[in-house]
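Peer 1: Here's a sequence, model it:
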Amino acid sequence: MSDYHIDANNIRVVRIEKKKEENYRVSTLYFKDSLCSSARAGQFVMVWLPEIDEIPLSLSTIINEEGYSSVTVKEIGEATRFLRGLKVGDEIGIRGPFGNGFELLTKGKALVIGGGIGMASLLPLIKKLVKHDVELTILLGVKSKRDIIFEEDLKNLSLQPNIKFLLATEDGSQGFKGLVTDLAASVMLKEKFNIVYSCGPEAMMHKIFILSKRFGIPAQFSLERIIRCAVGICGSCAFGPYRICRDGPIFSSEQLEKVSDFGRFRRDFSGSRVSII
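Peer 2: Numbers count the residues shown, from 1 in each chain. Sure, this is the predicted structure:
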């Protein structure tokens, strides 16, 4: 079926053209879709799994050299387990892309900090920044070397001039031993940056938020909440004065100053307020 007259909120059925296992719990699924191919770095899609659920996932590829877009999924519950179990040739439904995107630095130095699966949202951003006159330092934090994702992509990128890739593992099994926030603090002490971009667990991003304020660096963060409608109507992703799906998922440090729940509380599936800390 042609994409003519199809808008972002219509479900399109796409075929999985390629699948890559990133680690023992994470897979990337590649597909072709004309709307996703023109998305902004940081935007997300709603992935529809018949009779199971519809879940939000960041686009981990906008469009690659083969014309594919992708989502990267970590197995957590029923829907993500089903999605990871799909094979090349299987079909999924998608809506989107939705939300805003990262504001791109076009010259200077950027620090990009990903925690685990949060790197999926940052990878399209990194590839956009590479095309500009931007010096990049990329940090990835995971629990152990078995949790590393996009290692090949990130190492290949770091072969280019003005791009550094540093890895932090909490157990010290590879790279820096400790939290990626500790590595970030060390890097910020040694170098000056024009902007910080981050995505990962919210408690991690809150520490990066504090660090960026301490060093006087503007920052942008990709946030996650339960999203159902994706167009700002249902309120399930309410976040202070904002809706994550409509006003985000990318928020500046200035915007996050207005949200007392950032890094502290979120809503569960019942709508109850639960602690993040």
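Peer 1: Which parts of the stretch 101-250 of the chain are helices?
Peer 2: Counting by DSSP state H, counting those that start in this stretch, the stretch 101-250 of the chain has helices at residues 119-130, 151-157, 180-190, 202-214, 244-247.
Peer 1: Select, out of those helices, the one closest to R225.
Peer 2: Smallest distance to R225 across the helices of the stretch 101-250 of the chain (Cβ to Cβ): 4.4 Å, for helix 244-247. The C-beta positions use only the backbone N, C-alpha and C, and glycine is treated the same way.
Peer 1: Just the mean pLDDT for that closest one, thanks.
Peer 2: Taken as a whole, helix 244-247 has an average pLDDT of 93.
Peer 1: counting contacts, what elements does the following helix or strand past that helix pack onto?
Peer 2: The element immediately downstream of helix 244-247 (helix or strand, assigned by DSSP states H and E) is strand 250-252. Under the contact criterion of 3 or more Cβ pairs under 8 Å, 6 or more residues apart in numbering; DSSP states H and E, strand 250-252 touches strand 219-222.
Peer 1: As CSV, could you dump the C-alpha coordinates of the strand it packs on?
Peer 2: Extracted as CSV, the C-alpha positions of strand 219-222 are listed here (Å, rounded to 0.1, in the frame of the first residue of the first chain):
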residue,chain,number,x,y,z
ALA,A,219,22.0,19.9,28.1
GLN,A,220,19.2,18.0,26.4
PHE,A,221,17.7,14.7,27.7
SER,A,222,15.5,12.0,26.2
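Peer 1: Direction included, what does the helix or strand bottoming out on mean pLDDT in the chain pair up with?
Peer 2: Every helix and strand of the chain was ranked by mean pLDDT, DSSP states H and E. The lowest is strand 265-267, at a mean of 75. Strand 265-267 pairs in its sheet with strand 273-275 (antiparallel), by DSSP bridges.
Peer 1: Pull the distance from the partner strand to the chain's centre.
Peer 2: 22 Å (Cα atoms, centre = their mean, to the nearest Å).
Peer 1: Equivalent analysis for stretch 131-139, please.
Peer 2: With Cα atoms, centre = their mean as the basis, stretch 131-139 stands 17 Å off its chain's centre.
Peer 1: show me what contacts I226?
Peer 2: Listed by Cβ atoms under 8 Å, 6 or more residues apart in numbering, the contact set of I226 reads 236-237, 267-269.
Peer 1: ok, 10 Å please
Peer 2: Neighbouring residues of I226 by Cβ atoms under 10 Å, 6 or more residues apart in numbering: 55-56, 234, 236-238, 244-245, 266-271.
Peer 1: likewise L179?
Peer 2: 115, 141, 168-170, 185, 204, 207.
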